[in-house]
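**Q** Return atomic coordinates for the entry below.
(one chain, ligands or ions: 1)
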Amino acid sequence: MEIRFEERKQLKEKPDQKHLGFGKYMTDYMFIMDWDKDQGWHDARIVPQGPIELDPACVTLHYAQETFEGLKAYRTAEGKIQLFRPEMNARRMINSNARLCMPAFPEDMFVEAVRALVKQEADWVPSEPDTSLYIRPFMFATEAALGVHMASSYKFMIICCPVGAYYATGLDPVKILVEDELVRAVKGGTGFTKCGGNYAGSILGQVKAEKMGYAQVLWLDGEHRKYVEEVGTMNIMFKIAGEIYTAPIEGTVLPGVTRDSMIHLLRDWGYKVNETRLSVDDLMKAGHDGTLEEVFGTGTAAVISPVGELRYKDDVVVINDAKTGKLTQKLYDTLTGIQWGKIEDPYGWTQVVE
Ligand code: COI
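**A** Here you go, the predicted structure:
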């Protein structure tokens, strides 16, 4: 793929790596490519990061024909930069796009575009502990027309930002509220895709949780409001009586890259991982009878995030004395060890950019 380059006149000042937070500081450049029926994907370019022009009648602004991805670039101790399973993001985006009636962005072009932008932005990949460069590929309809239809033109873009921990509490256990009224996804819907609409629909639950002092929402299945599915920005796993439970990928749950990686690790370590429906009643019961040993979220942004408290209606369970569990810590250390190149990657998950 030929990528044209447009130079920025003045580079931005880089933020303090000790106070990055999440998603606040965009880098100097972004990747853009356009699609239309006649030309297919064309005009790949890396240009100065900044506002873009959109027609107010653009399909995305009205009907949310949009999908996105999230992955990270990591700085190793030797100063190299590496990516973690970018092909998984490419494939997931293809699946999201198929559901949203959007053109596929080919896997090889996706990885090439990510690598090219990260190379360009190498100086932005932070080196402080637990920091990385968050990469946000996204695609949206650009056609200006108000009839609800499959648009005839799209943009694929990638922006990046150096980030620290996703949660303000850093790696300390978070408190999660089980949402018993609103739902996130139903079978046949878009729950398995990474589309903006899924997140827009989740914000009300998030606001409610925050008002009650909780970091995020644990969604129940949309049909019965009974089985635990996923948390706002991460998949979730439960260690109950020595076995791991997590919701199955059956159309309503996001097929997380970190989720998949953790299942690999856990099975390699001899754990029984049950990708099965777990009812919130059984979960809370396990919380009270002492068999709920650990709870953690998995996600690119959230990494491995220990959960210290779960609330469902008026019932509250505190997990592992609200401390990070041993297995959670081991998963975190192994995953981040591989990502930052501190330990060997026996799975071939990482690839060096430069
Ligand atoms: C990610 O983990 O990369 C995500 O996309 C979550 C995000 C909505 C912050």
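
**Q** so which strand or helix has the closest residue to residue 292 other than its chain neighbours?
**A** Computed as C-beta to C-beta, 6 or more residues apart in numbering, the closest residue to residue 292 that is not its neighbour in sequence is residue 286, at 3.9 Å. For the C-beta atoms, the positions are set from N, CA and C on the backbone; glycine is no exception. Per DSSP states H and E: residue 286 is located in helix 280-289.

**Q** What mean pLDDT does that helix get?
**A** In this model, helix 280-289 carries a mean pLDDT of 98.

**Q** what packs against it?
**A** Contacts defined by 3 or more C-beta pairs under 8 Å, 6 or more residues apart in numbering; DSSP states H and E place helix 280-289 against strand 234-240, strand 303-312, strand 315-318.

**Q** is the ligand contacted by the helix or strand following that helix?
**A** Using DSSP H and E, the next helix or strand after helix 280-289 towards the C-terminus is strand 292-299. Yes. Strand 292-299 lies within reach of the ligand by C-beta under 6 Å from any ligand atom, at residue 299.

**Q** Which strands or helices does strand 292-299 pack on?
**A** Against strand 292-299 (3+ C-beta pairs under 8 Å, 6+ apart) you get strand 234-240, helix 257-268, strand 303-312, helix 326-339.

**Q** tell me the most buried of these?
**A** strand 234-240 (a mean of 25; mean count of other C-beta atoms under 10 Å).

**Q** That one versus helix 257-268: what angle between them?
**A** 20 degrees (axes from the mean of the first three to the mean of the last three C-alpha atoms, to 10 degrees).

**Q** show me the contacts for residue 87.
**A** 107, 110-111 (C-beta atoms under 8 Å, 6 or more residues apart in numbering).

**Q** Secondary structure and neighbour count for the residues you listed - can I get that in JSON lines?
**A** Formatted as JSON lines, the contacts of residue 87 follow (DSSP: H, G, I helix; E, B strand; the rest coil; neighbours: other C-beta atoms under 10 Å):
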{"residue": "107", "secondary structure": "helix", "neighbour count": "16"}
{"residue": "110", "secondary structure": "helix", "neighbour count": "23"}
{"residue": "111", "secondary structure": "helix", "neighbour count": "16"}
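
**Q** any idea which of those is the one closest to the ligand?
**A** Set against the ligand, the nearest of those by C-beta to the nearest ligand atom is residue 110 (14.9 Å).

**Q** Spatially nearest residue to the closest one, not counting backbone neighbours?
**A** Distances taken as C-beta to C-beta, 6+ apart place residue 90 nearest to residue 110, at 3.6 Å, with adjacent residues excluded.

**Q** host element of the one you found?
**A** Here residue 90 is assigned to helix 86-99, by DSSP H and E.

**Q** how about that helix, does it reach the ligand?
**A** No. Helix 86-99 is not in contact with the ligand by C-beta under 6 Å from any ligand atom; minimum separation 8.7 Å.

**Q** Could you export that helix as CSV, CA atoms only?
**A** Extracted C-alpha coordinates of helix 86-99, given in CSV (Å, rounded to 0.1, in the frame of the first residue of the first chain):
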residue,chain,number,x,y,z
PRO,A,86,-3.0,-6.4,15.9
GLU,A,87,-4.4,-9.0,13.5
MET,A,88,-7.1,-9.9,16.0
ASN,A,89,-8.3,-6.2,16.0
ALA,A,90,-8.3,-6.3,12.2
ARG,A,91,-10.4,-9.4,12.1
ARG,A,92,-12.8,-8.1,14.7
MET,A,93,-13.3,-4.9,12.8
ILE,A,94,-14.1,-6.9,9.7
ASN,A,95,-16.8,-8.7,11.7
SER,A,96,-18.2,-5.5,13.2
ASN,A,97,-18.3,-3.9,9.7
ALA,A,98,-20.2,-6.9,8.2
ARG,A,99,-22.9,-6.4,10.9
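
**Q** Quick one: mean pLDDT for that helix?
**A** 98.
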